[in-house]
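**Student:** Curious how this folds, go ahead:
(one chain, ligands or ions: 1)
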Amino acid sequence: MTTLPSNNYDVMVLLVDDQAMVGEAIRRALANQPNIDFHFCSVPGDAIKVAEQIRPAVILQDLVMPGVDGLTLVRQYRANPATKDIPIIVLSTKEEPAVKGEAFAAGANDYLVKLPDKIELIARIRHHSKAYLNQLQRDAAYRALRESQQQLVDSNTALISLNQKLEEATRAKSEFLANMSHEIRTPMNGVIGMTTLLLDTPLNAEQRDFVEIIRSSGDSLLTIINDVLDFSKIESGKIELETHPYGLRQCVEEALELLAPKAAEKGLDLVASIEPSVPPFVVGDVTRLRQVIVNLVGNAVKFTSQGEVVVSVSARAGDRPGELGLHFAVSDTGIGIPREKQDRLFQSFSQVDSSTTREFGGTGLGLAISKRLTELMGGTMSVESEPGKGSTFHFNIKVRPGADEAPAWAHGAAALRGKRMLVLEDNAMQRRVLGQFAQMWGFELVEAASVAAAEATLGAPGRSFDLLLVDYDLPGEEGRVLVSRLRALPGAAGAKMLLLSARRLRASGDQLPDVHGYVGKPIRPASLLEALVRAVTGASQQEKRAAAASPFAAEGRSLAERLPLRLLVADDNAVNQKVALMMLKRLGYNGDAVGNGVEVLRALETKIYDIILLDVQMPEMDGCEAARRICVKWTALEHERPRMVAMTGNAMQGDRERCLAAGMDDYISKPVRVEELKAALERWGVRVRSQR
Ligand code: ADP
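**Tutor:** Have a look, this model is predicted:
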């Protein structure tokens, strides 16, 4: 490898000649030349060694010397890696074409006759040395480049292998979390399930209090497990979004319904305001959207002690054709968040104020998860807030518009067309939402924000109404007294009266005379419409009582009476078996239980079952394997196959898919909630019964 001469700027010239006189002449010629150093070698045998040492930028080589032929030396320079590229100017005694030819063939770069003209000699030295030194510099730069490229490749390789290790670690972490979650959920199922059942037995007030605390602690623990699991799934990129059509209104309602009891307990108004431009059905991931709404509304309820929590939804055309942008705003009238703390909100494990942790609990993961989920759904999340006044969390997501048909429950709305309704409700947002329904279903709405306003309207001569919708929980009013006061006014004479309440009124039509229905808060359009239609069409007395009781009171008949089913529970954990059986018992069913997949198959040989509730992880034969075998066995008679509902503590992504791929029909996760179990039984029970 040739290296650069030690001093880049000096041109070292080596003269190899046996005649001292020539050496002296050239030294003089080059003396006083800036940047040119001169070295004279008078012993031809030393030439190569000297050249290797001083690394000249130009060699002046005599041709005729005693003992050594100059041309041989030229060839030796060329053959030596240290000197192979150094420019050589051959010095000859005369101008002789044959010798010149040989010199160039041997590798010389130039040919001069001794003693050369000073100016010409210097010009040639400068020309050749410059080209050579440039070449050396280029080589050096190229080498450096190659070296850094190599370093890059090396560090890249190191990074890739590090990344692989990280991925393995992440995978191991996710698996660990999935296992942990399963391990924790299994006993939690026992705790939560048993407390639910215990609460349904006669208990004194103190015992009930204790059990309720166990129950709510269990719920909080489960929320934390779910948060941590979700967060790690998002972190490891393991969340895949579903794209299914879903009812947007229903999704918002379900989210609000979950939080309605808490809001009612605190006396908060919980309102959903969905703009008419929002299509009834969209295509996207309903579970994740619900999760984000529940989280934001949950926070809003948690951090608000009085006032309202409003969820507003609006739609606008998306950036691309076939895309729809949905905007959600969740606003509250709560404690608010100081501006300087707002940035930190969406970071994981951060809470605005560590004292809130003590007061309100929480992992500080909810908003971080929600924000990431919205980003996965193609949107963003932000907050506006003023301490003491309240907060509004905004987020948007992208969806595809779904089929644009009115939901089935909206068909009865014709009965309301042209009717006149007075609503007495102090919450402006709630009145606005009712206004939207009025527009949608074609009835006339007169709003009264206070009892005085309602009384004035109903007392005015010539005013009559078909319907009165009265907020039963107005502050400072005794609902029952208010109802009879309004009833007495002339405008109410021919009107059907409905009560609006967030509480689970245990009233029945008999207890409150002249009341034609109850509407729960948050208002669900389906139940509002049903109650209104029933009131105006005058359903039969029995139906009326059922309608009046429906949102507030427990259903009269058990599920099993309405929907008799033969049920089998498969779970290896004895406590969980018991929980499942007892939950079924509460719904009126006497189920059988087995401990693994082999026993399931054996049980199916002797008895017919409509629905099997299958744990996934079981010894000997797990739930998925059992499901596969059952599907194979019933290939020819698919409609007679028992329906299979997975019941598992595995909450990792893909569990649901794995169960469904194995042939199961549905999936509920542990800890099993009675409502979920009931919904699954109804969903599949109705189908089973219609097919058999
Ligand atoms: P956590 O699970 O602890 O509630 P979040 O990420 O959901 O975690 O919320 C983080 C923090 O943000 C809360 O502890 C609270 O201090 C603040 N916060 C969230 N929502 C609101 C709200 N609507 N009003 C006031 N503070 C809020």
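
**Student:** C-alpha only now, for contacts and for neighbours.
**Tutor:** Will do.

**Student:** for the longest helix seen in the chain, packing partners?
**Tutor:** The residue-count maximum for a helix in the chain (DSSP state H) belongs to helix 118-198. Counting contacts by 3 or more Cα pairs under 8 Å, 6 or more residues apart in numbering; DSSP states H and E, helix 118-198 packs against helix 20-30, strand 58-62, helix 205-235, helix 574-586.

**Student:** can I get these in a markdown table with mean pLDDT and distance to the ligand?
**Tutor:** Output for the helices and strands packed on helix 118-198, formatted as a markdown table (pLDDT from 0 to 100; distance: least, Cα to the nearest ligand atom, whole Å):
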| stretch | mean pLDDT | distance to the ligand |
| --- | --- | --- |
| helix 20-30 | 92 | 82 |
| strand 58-62 | 94 | 75 |
| helix 205-235 | 79 | 8 |
| helix 574-586 | 86 | 29 |
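
**Student:** ok, and which of those has the densest surroundings?
**Tutor:** strand 58-62 (a mean of 26; mean count of other Cα atoms under 10 Å).

**Student:** quick one: that strand to helix 118-198, angle?
**Tutor:** 140 degrees (axes from the mean of the first three to the mean of the last three Cα atoms, to 10 degrees).

**Student:** excluding its backbone neighbours, what's nearest C659?
**Tutor:** Distance criterion Cα to Cα, 6 or more residues apart in numbering; nearest residue to C659, sequence neighbours excluded, is C624 at 6.0 Å.

**Student:** thought the one you found was touching D655?
**Tutor:** No - counting by Cα atoms under 8 Å, C624 stays clear of D655, with 10.3 Å between them.

**Student:** Comparing these two, which residue is more hemmed in?
**Tutor:** C624 (23 against 17; other Cα atoms under 10 Å).

**Student:** for P34, what are its contacts?
**Tutor:** By Cα atoms under 8 Å, 6 or more residues apart in numbering, P34 lies in contact with nothing.

**Student:** how about it, secondary structure?
**Tutor:** coil (DSSP: H, G, I helix; E, B strand; the rest coil).

**Student:** Let me see the backbone angles for it.
**Tutor:** Backbone torsions of P34, given as degrees, to the nearest 10, read phi -60, psi 140.

**Student:** Okay, now the unreliable bits of the stretch 551-692 of the chain?
**Tutor:** For the stretch 551-692 of the chain, the stretches flagged by pLDDT under 70 are 551-557, 650-654, 692.

**Student:** The strand or helix carrying the residue nearest to C659 packs against which elements?
**Tutor:** In the assignment (DSSP states H and E), C624 maps to helix 623-633. In terms of contacts (3+ Cα pairs under 8 Å, 6+ apart), helix 623-633 is packed against helix 597-606.

**Student:** quick one: the helix it packs on to helix 623-633, angle?
**Tutor:** Put simply, helix 597-606 runs at 30 degrees to helix 623-633, going by the same axes, to 10 degrees.

**Student:** got the buried residues for helix 597-606?
**Tutor:** For helix 597-606, the neighbour count (16 or more other Cα atoms under 10 Å) marks 597-601, 603 as buried.

**Student:** Next: stretch 43-54.
**Tutor:** Neighbour-count burial for stretch 43-54 [16+ other Cα under 10 Å]: 44, 47-48, 50-51.

**Student:** Just the C-alphas of that stretch, formatted as CSV.
**Tutor:** What follows is stretch 43-54, C-alpha atoms only, in CSV (Å, rounded to 0.1, in the frame of the first residue of the first chain):
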residue,chain,number,x,y,z
VAL,A,43,25.2,4.5,-5.9
PRO,A,44,22.7,2.8,-8.3
GLY,A,45,22.6,-0.3,-6.1
ASP,A,46,21.1,1.7,-3.3
ALA,A,47,18.5,3.4,-5.4
ILE,A,48,15.5,1.1,-4.6
LYS,A,49,16.2,1.2,-0.9
VAL,A,50,16.6,5.0,-0.8
ALA,A,51,13.4,5.4,-2.9
GLU,A,52,11.5,3.2,-0.4
GLN,A,53,12.7,5.3,2.4
ILE,A,54,12.3,8.8,1.2
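
**Student:** sorry, back to before: dump the residue contacts of the residue nearest to C659.
**Tutor:** C624 neighbours (Cα under 8 Å, 6+ apart): 616, 658-659, 662-664.

**Student:** Quote the end-to-end distance of stretch 602-610.
**Tutor:** Across stretch 602-610, the terminal residues are separated by 15 Å (Cα to Cα, to the nearest Å).

**Student:** Point me to the helix or strand that includes whichever residue of the stretch 401-550 of the chain sits closest to the ligand.
**Tutor:** Closest approach of the stretch 401-550 of the chain to the ligand (Cα to the nearest ligand atom) occurs at M429, with a separation of 17.9 Å. Element membership for M429 (DSSP H and E) is helix 428-441.

**Student:** returning to that earlier point: could you give the mean pLDDT of the longest helix of the chain?
**Tutor:** On average, the pLDDT along helix 118-198 is 87.

**Student:** quick one: that helix to chain centroid distance?
**Tutor:** Taking Cα atoms, centre = their mean, to the nearest Å, the mean C-alpha location of helix 118-198 is offset from the chain mean by 26 Å.

**Student:** and the residue nearest in space to the middle of the chain, what does it touch?
**Tutor:** Most central in the chain under Cα atoms, centre = their mean is L373, positioned 3.1 Å from the mean C-alpha point. Contact analysis of L373 by Cα under 8 Å, 6+ apart lists 288, 292.

**Student:** Do a quick rundown of the helices in the stretch 201-350 of the chain.
**Tutor:** Assigned by DSSP state H, counting those that start in this stretch, the stretch 201-350 of the chain shows helices spanning 205-235, 248-265, 286-302, 339-342.

**Student:** of all the ones you listed, which lies closest to M440?
**Tutor:** Across the helices of the stretch 201-350 of the chain, the minimum distance to M440, taken as Cα to Cα, is reached by helix 248-265, at 14.0 Å.

**Student:** Assess the claim that V22 and V113 are in contact.
**Tutor:** No - V22 is not in contact with V113 according to Cα under 8 Å; the separation is 11.9 Å.

**Student:** buried set for stretch 320-339?
**Tutor:** Those would be 323-337, for stretch 320-339 by 16+ other Cα under 10 Å.

**Student:** Could you work out the most separated pair of those?
**Tutor:** Pairwise distances across the buried residues of stretch 320-339 (Cα to Cα) peak at 36.4 Å, for the pair E323 and I335.

**Student:** which parts of stretch 177-189 are buried?
**Tutor:** So stretch 177-189, judged by 16+ other Cα under 10 Å, has buried residues 177-182, 184-189.

**Student:** Please put the alpha-carbon coordinates of that stretch into CSV.
**Tutor:** Extracted C-alpha coordinates of stretch 177-189, given in CSV (Å, rounded to 0.1, in the frame of the first residue of the first chain):
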residue,chain,number,x,y,z
LEU,A,177,-47.2,-10.8,30.2
ALA,A,178,-49.7,-13.0,28.5
ASN,A,179,-48.9,-15.8,30.9
MET,A,180,-48.9,-13.5,33.9
SER,A,181,-52.2,-12.1,32.7
HIS,A,182,-53.6,-15.6,32.4
GLU,A,183,-52.3,-16.6,35.7
ILE,A,184,-53.7,-13.5,37.4
ARG,A,185,-57.0,-13.7,35.6
THR,A,186,-57.8,-17.2,36.6
PRO,A,187,-57.9,-16.5,40.3
MET,A,188,-59.5,-13.1,39.7
ASN,A,189,-62.3,-14.9,37.9
